[in-house]
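J.: Model the following, please.
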Amino acid sequence: MDTYIPSSPPIPRPAWVPYDKHTTKPDYDRAFEAARRYVLEESHENEEGEEEDQLPSVAARIFHVKEDSLRQSIYRSRTKQRNTQGLFNKHGGNNKILDAAQERAIFQYCFNQWEMGMGATHPMVYASICHLKKVSNPIPSF
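T.: Next up is the predicted model:
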């Protein structure tokens with residue numbers, strides 16, 4: 001007598017697997033960067049001879065990457081803001097108010113206070129920074 005053994009149900013596969021055409025994540029990352037460069041750097045002429053930007057949907061199909069992720073990455077790269085030093089820094093440090101010489105002067109002031117045995121308190125350092133900023137950027141009087 002044969003016994004009936006039920007087969008296991010098929011494992012459901014996600015509707016879209018991002019690494020479908022790419023064997024590893026580094027392969028996908030390289031394709032994603034190539035798609036970003038394709039959209040950001042390349043512009044092609046259309047039939048009328050006018051230059052037009054490439055759409056993220058076209059690049060996503062060409063390089064087999066997620067269209068929404070590509071679109072979001074392109075949007076973020078186009079709307080980045082530079083800080084006062086001309087750098088992109090999203091983890092703080094964008095509010096530097098002293099240049100290198102002023103910073104050294106504050107360090108020297110704190111060191112001198114420490115040598116005299118008094119130490120520089122927070123209000124003392126703040127006041128000296130305010131004085132340096134006022135001297136370096138005088139407000140014009142009318």
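J.: Please pull out the lowest mean pLDDT helix or strand from the chain.
T.: Sorted by mean pLDDT, DSSP states H and E, the helices and strands of the chain end with strand 43-45, the least confident at a mean of 58.
J.: Give me the buried positions along the host helix or strand of residue 68.
T.: Using DSSP states H and E, residue 68 sits in helix 67-78. Neighbour-count burial for helix 67-78, counted by 16 or more other Cβ atoms under 10 Å, picks out 70-71, 73-74. Using the backbone N, CA and C atoms, a C-beta is placed for each residue, glycine as well.
J.: and which of those residues is nearest residue 119?
T.: residue 73 (48.9 Å; Cβ to Cβ).
J.: got a pLDDT number for the residue nearest to that closest one when sequence neighbours are not counted?
T.: Nearest-residue entry for residue 73: residue 36, 5.9 Å, with adjacent residues in sequence omitted and distances by Cβ to Cβ, 6 or more residues apart in numbering. Reported pLDDT at residue 36 in the predicted model: 91.
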